[in-house]
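A.B. asks: Sharing a sequence plus its predicted fold:
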Amino acid sequence: MVAGFVATVFLWAAAPAMDAQEKNPFAGDPKVAKLGEYQFRLNCAFCHGLGARGGGRGPDLTRAQKHHGNTDGEIFHSIHDGIAGTAMPAATNGGIGVGMSDEEIWQVVSYIRSVEKKASALVTGNATHGKELFYGSAACGTCHMVNGKGGRLGPDLTSAGTSRSVDYLAESVRSPSKRLATGLSEPMKDFSQEYETATVVTPEGTKLQGVVLNEDSFTIQMLDTREELHAFEKAKLRSFEKTRESLMPAYDAKSLAEKDLKDLIAFLLAASEKGGAQ
Amino acid sequence: MKISLRNEAIEERFHDCAGRPLGGARGKKNRQPAPLEMTVLRLATMLFVVAFAVTALSFFAPQALAQVTFERLLNSSREPQNWMTYSGDYAGHRFSALDQINASNAATLVPKWAYQTMAGGKFEATPLVVDGILYGTGQDDRVFALDARSGRPIWQYQQALPVDIRPCCGRVNRGLAILGDKVFVATLDAHVIALDRKTGNVVWDVHAAEHAKGYSFTLAPLVIKNLVIVGMSGGEYGIRGFIDAYDAATGERKWRFNTIPGPGEPGHETWEGDSWKTGGSPAWITGTYDAATNTTFWTTGNPSPSNRGEGRAGDNLYSNSLLALDPDTGKLKWHFQFTRHDEHDYDATQVPVMIDDGGRKLIAQANRNGFFYLIDRSSGKLLFATPYGRVTWSDSRDANGVPVERKEASPTLEGVPVCPGAYGATNWMSPTYDPQTKLFYVTAREQCDIFSTAPQPYEAGHAYYGSAYFPNDEAQPFWGALRALDPATGKLKWEWKHTSPSWAGVLSTAGGLVFTGDAEGNVIALDAASGKVLWHFQCGASVFASPMSFAIDGKQYLAVAAGSALFTFGLP
């Protein structure tokens, strides 16, 4: 009797709340989407960029496929609770931007829906050919990994297709040094480590070149071009130089035709959306 | 909620484990009245301890008194073993006269103890040390008293924060003030609280403003005479800022200075329409005090909304200003506004450092907006302003030499790139003035942002930025530096580059050293004259605090918070 009463009260209390968190009560309302745009600027643009097109820090949210769920409810929860294992914080006070109420989170969901683009409208490439290029003549796979296959010198591109805009991906291939990819993030640091290039001469006189995995004023941790891990005290190195020229070659239209670039990007999109290399 | 770690042995005074008094009462006049039921045994113990104390004091501490009087605070240079105010003195120098740790031995520094708050978020506080006890605050408004020799807690206090607080930028607190037998803390739920410094018990508790509307405290209070002076945070919530003074004995409010003038007051005309009601202008960093003229200097933060000037046309006084106040009455003597009608979140909340240069009585400030200002502190007149970091928001001056905003730097819907970024060329972390080298040391941040507006109506308790800003990738890389400036000219004497922009303040010492930290977790000692690094220690998480120094048992310590811990260092 008591148990039944408790269960009833529980269901009565819980049911509307659950409901409210799965469906957007403002779906399709352009006025709400506009409010959501301002909330987005206040809370989300720092990482996801103006217009939700993504930045160096956060994924492009104009893509229809979201890596962490596509339904209104899933997007709401991603914002409300954050995403474990990523830099995405929960929308509680002080956690994300200025903090948002449930209503404001739904406004942001409405806004994201209003700026979404269909993937097919963006890319018309041939993913199968893109995969051949990736692991073949374009040699991307020498340094980059997709779904566990490939090299480790450059960033893992498994989720690049859902987290980056097509423009960003194209720019990264054509001009990799323009915006360096980001690597390790530490919890209290404002900025993530970037894929900078380090050239050192070790205390023994060996010259090494590679990517910076992490660095502070006194030490550096790097991966050389043979994927060997090194850690040095800077003061003990014979020489230490660091540049913002990426180790990745810039693929111009001669080395990678525009059609092949589209195929490569189609491969990255397909790989990330379906969660497996095609 | 109060968590007490008291035990019987710490009833009347503090002792360490060997029974030595940690700066307890020296004479009868300063002691708490003894309970009538005190047993003969305890009385005998007491007498023994008092006798021991007198002996021990001559060995371990040149001066140790139970009561922290205003006179002691005024003459803090006479007891360099103690650190009794946020900046170490009333001038805001953050200079320690201790020289046991110096350029010849700094390389041998080792960690002595660490105290873990076990709380997340930024640990921004500077602790106080008085007569062997360290008093500190941490994230979420926790307060603690530690044995400064061992780091072991004596009592802890945790403010029970309600869910509807509105901290804009982390659940932070920067420290305490001390007077008599009390320490004072100002909390995120807008309370000013006096705690018994022997027990951590609440003596009085005042709710200064409605925290749910965005009012909060993050600063360490400043004690002047018998008053506890505090300034509001909340510039991101459309508050109307103020500076309050409370009677240290009772908590009764003695005065309030509204940092936005009301109708009929001078300066009210610098606000459009009703914008003054939600114009922000908080005062969230501890001020300084000139006893010679009985003037306290406070600085204020951004007007609200922080990055959107539309709707608040005018200079928006007294946002982003230096205020000279009479500490007895709260009356304004003069003001100087650093950034008029600010649209880039350039709070002027950097400690206003008092410098005497020959006959000149000055205030020096390396401002968040990228300019170093030297101001006559008797009149508020600007002597000069010169950039100490990358500046693009201003390219001209008014007739008085005050930098003014470049029209094209005003935020737009599409966004405009501006330097410094919203975090500023520096921020709240303390600079230091070293009277030996006569140099001013400041943590400079080289980061540029894109500023974009986000029109939004004011709603009580809701963030009121009116903007979005984010790092300008085109301006990468971002970096930082510890810069040594000649305050007489603003010229750079030396700089030491940080790998990324740092949030650590700076301490200078009579040992010819400056101490700072970085975002990568290093605490660093440098030669004050040359900027050469002499020592560093990796704490494991970013330093978001300003270092301080104290001594006990004749041994000098360095203390600084990093990650969730307070670290201390000393000679082996």
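C.D. replies: Yes, it's here. Residues are numbered from 1 along each chain as shown, chains lettered A, B, ... in the order given.

A.B. asks: Chain B contacts on chain A?
C.D. replies: Applying Cβ under 8 Å from any Cβ of the partner chain, we find that chain A lies next to chain B at A:37-38, A:41-42, A:45-47, A:49-50, A:55-56, A:93-94, A:97-99, A:179-180, A:186-191, A:194, A:215-218, A:244. Just so you know, the C-beta spots here come from the backbone N, C-alpha and C atoms, and that holds for glycine as well.

A.B. asks: Please name the residues that touch the closest residue in space to B:Asp189 that isn't next to it in sequence.
C.D. replies: Spatial nearest neighbour of B:Asp189, chain neighbours left out: B:His211 (4.4 Å); criterion: Cβ to Cβ, 6 or more residues apart in numbering or on different chains. By Cβ atoms under 8 Å, 6 or more residues apart in numbering or on different chains, the residues touching B:His211 are B:Pro162, B:Asp164, B:Ile165, B:Arg166, B:Leu188, B:Asp189, B:Ala190.

A.B. asks: May I see the residues you listed arranged in a markdown table, with pLDDT, secondary structure and neighbour count as well?
C.D. replies: Compiled in a markdown table, those are given as follows (pLDDT from 0 to 100; DSSP: H, G, I helix; E, B strand; the rest coil; neighbours: other Cβ atoms under 10 Å in any protein chain shown):
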| residue | pLDDT | secondary structure | neighbour count |
| --- | --- | --- | --- |
| B:Pro162 | 95 | coil | 10 |
| B:Asp164 | 91 | coil | 12 |
| B:Ile165 | 92 | coil | 21 |
| B:Arg166 | 90 | coil | 26 |
| B:Leu188 | 97 | coil | 25 |
| B:Asp189 | 97 | coil | 22 |
| B:Ala190 | 98 | coil | 25 |
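
A.B. asks: Return the member of those nearest to A:Glu103.
C.D. replies: B:Asp164 (15.9 Å; Cβ to Cβ).

A.B. asks: Next, the contact list for the closest one, please.
C.D. replies: Per Cβ under 8 Å, 6+ apart, neighbours of B:Asp164: B:His211, B:Ala212, B:Gly461.

A.B. asks: B:Gly505 now?
C.D. replies: B:Arg94, B:Thr126, B:Met429, B:Ser430, B:Pro431, B:Thr432, B:Thr443, B:Thr516, B:Ala545, B:Ser546, B:Pro547.

A.B. asks: and residue 128, how many neighbours does it have?
C.D. replies: Just going to use chain A. A:Thr128 has 13 neighbours, counted by other Cβ atoms under 10 Å in any protein chain shown.

A.B. asks: oops, chain B please
C.D. replies: 27.

A.B. asks: pLDDT value on it, please?
C.D. replies: What the model reports as pLDDT for B:Leu128 is 98.

A.B. asks: who touches it in this structure?
C.D. replies: The contact partners of B:Leu128, taken as Cβ under 8 Å, 6+ apart, are B:Trp83, B:Met84, B:Thr85, B:Leu134, B:Tyr135, B:Gly136, B:Gly175, B:Leu176, B:Ala177, B:Ile178, B:Val183.

A.B. asks: can we see that at 7 Å?
C.D. replies: B:Trp83, B:Met84, B:Tyr135, B:Gly175, B:Leu176, B:Ile178 (Cβ atoms under 7 Å, 6 or more residues apart in numbering or on different chains).

A.B. asks: I figured the last one hits B:Tyr86, correct?
C.D. replies: By that I understand B:Ile178. No: taking contacts as Cβ atoms under 7 Å, B:Ile178 lies outside contact range of B:Tyr86: 10.3 Å.

A.B. asks: so which of the contacts of B:Leu128 comes closest to chain A?
C.D. replies: B:Gly175 (19.2 Å; Cβ to the nearest Cβ).

A.B. asks: That closest one is in what secondary structure piece?
C.D. replies: Counting by DSSP states H and E, there is no helix or strand that carries B:Gly175.

A.B. asks: Tell me how many other residues crowd it.
C.D. replies: B:Gly175: 29 surrounding residues under other Cβ under 10 Å.

A.B. asks: Check B:Ala291 too.
C.D. replies: 16.

A.B. asks: Tell me the spacing between it and B:Ser430.
C.D. replies: 21 Å (Cβ to Cβ, to the nearest Å).

A.B. asks: what helix or strand is A:Arg152 on?
C.D. replies: Using DSSP H and E, no helix or strand contains A:Arg152.

A.B. asks: quick one: which of the contacts of B:Asp164 is nearest B:Leu526?
C.D. replies: Among those, and counting by Cβ to Cβ, the member closest to B:Leu526 is B:His211, at 40.3 Å.

A.B. asks: how near is that closest one to B:Leu161?
C.D. replies: Separation of B:His211 from B:Leu161 (Cβ to Cβ): 9 Å.

A.B. asks: again with B:Leu558
C.D. replies: Counting by Cβ to Cβ - B:Leu558 and B:Leu161 are separated by 31 Å.

A.B. asks: what's the answer for B:Asp290, then?
C.D. replies: 35 Å.

A.B. asks: swap in B:Ile224?
C.D. replies: Going from B:Ile224 to B:Leu161 by Cβ to Cβ gives 28 Å.

A.B. asks: Next: A:Asn126.
C.D. replies: Counting by Cβ to Cβ, the gap from A:Asn126 to B:Leu161 is 57 Å.

A.B. asks: what's the answer for B:Ala528, then?
C.D. replies: From B:Ala528 over to B:Leu161 (counting by Cβ to Cβ), the distance is 40 Å.

A.B. asks: And the strands in chain A, which stretches?
C.D. replies: Using DSSP state E, the strands of chain A run over A:145-146, A:149-150, A:197-201, A:207-215, A:219-224, A:229-233, A:239-243.

A.B. asks: List the strands paired with the longest one, with their directions.
C.D. replies: Strand A:207-215 sits in its sheet next to strand A:197-201 (antiparallel), strand A:219-224 (antiparallel), going by DSSP bridges.

A.B. asks: Mean neighbour count and mean pLDDT added to those strands, as JSON lines?
C.D. replies: Converted to JSON lines, these look like this (neighbours: other Cβ atoms under 10 Å in any protein chain shown; pLDDT from 0 to 100):
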{"stretch": "strand A:197-201", "mean neighbour count": "19", "mean pLDDT": "98"}
{"stretch": "strand A:219-224", "mean neighbour count": "19", "mean pLDDT": "98"}
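
A.B. asks: would you list these in TSV and tack on distance to B:Thr218?
C.D. replies: Formatted as TSV, the strands paired with strand A:207-215 follow (distance: least, Cβ to Cβ, whole Å):
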stretch	distance to B:Thr218
strand A:197-201	39
strand A:219-224	33
